[in-house]
Every structure is written in structure tokens, then in C-alpha cells.
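Q: I need the structure of the sequence given here:
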Amino acid sequence: MNNDLNLNSVDTLGSLLAQIADLTKQAEAIKDAIKESASKGGAKVVEGAIFKATYSDSNVTTFDKDKFIAKFGATEYANYTKTSARFTVKVTSR
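A: This next block holds a predicted model:
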């Protein structure tokens, strides 16, 4: 373990991530309520005292990697992909 990091730092990180998870859950519930209301004909813009939420919908196109590989092969797919290194820190409760 790095000597610059102490157990208190890890516990602080875990606590912050738990708070973020709780707040994210609350935010998603509010966004879901706005989406449900707007998709049923309700207001698409909801204003609070400080913030404004705007509902919008759009179509999304996705790339079907498996179909591409089935038709053109894995080698051809590799020619159109890019690999980047990613690093993560995962925190769990003890």
C-alpha cells in the first residue's frame, strides 16, 4: 500500500461514493417522474426556484458489432476499432 494513503482516506472515499450512489438514486427517481409525465403529455419544461429541467426525446442509432463480425469477420472489425487503457478504483464495504 502507498504510504501516502491512509485508511482514513479510503474510508472517506467509500463514504463519499455511498453518498453519491444515494443522491444518484434520488436524482434518477425525479428524472423518471419528469420523463413519465412529459411522455404522457405533461409539461416538457419544469422550473424550480433555481433550476430548470427540460424533457426531450430522440432516436439513437447503435452499431451492431456481432452482425458486423458475422458479415465481414473479426479481422475487419479490428481494423475499425480502437483500444485505450482505462484504470479504475473500485470501493466496496468491508
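
Q: for the helix ranked longest in the chain, packing partners?
A: Identified as the longest helix of the chain according to DSSP state H is helix 7-39. Helices and strands touching helix 7-39, as assessed by 3 or more C-beta pairs under 8 Å, 6 or more residues apart in numbering; DSSP states H and E, are absent. C-betas here are computed from N, CA, C, even on glycine.

Q: same question for it, mean pLDDT?
A: Average pLDDT, helix 7-39: 94.

Q: in it, what's buried?
A: For helix 7-39, the neighbour count (16 or more other C-beta atoms under 10 Å) marks Ile34, Ala38 as buried.

Q: what pairs with the next helix or strand after it, and is each one parallel or antiparallel?
A: The C-terminal neighbour of helix 7-39 among helices and strands, as given by DSSP states H and E, is strand 45-47. Sheet pairing for strand 45-47, assigned by DSSP bridges, gives strand 52-54 (antiparallel).

Q: Show me which positions of the strand it pairs with end up buried.
A: Per 16+ other C-beta under 10 Å, strand 52-54 contains no buried residues.

Q: one step back: just how off-centre is the longest helix of the chain within its chain?
A: With C-alpha atoms, centre = their mean, to the nearest Å as the basis, helix 7-39 stands 11 Å off its chain's centre.

Q: What of stretch 36-49?
A: How far stretch 36-49 lies from its chain's middle: 22 Å, per C-alpha atoms, centre = their mean.

Q: Run through who's touching the helix or strand where Ala78 lies.
A: Secondary structure assigned from DSSP H and E places Ala78 in helix 74-79. Residues from elsewhere that reach helix 74-79 (C-beta atoms under 8 Å, 6 or more residues apart in numbering): Lys65, Phe68, Ile69.
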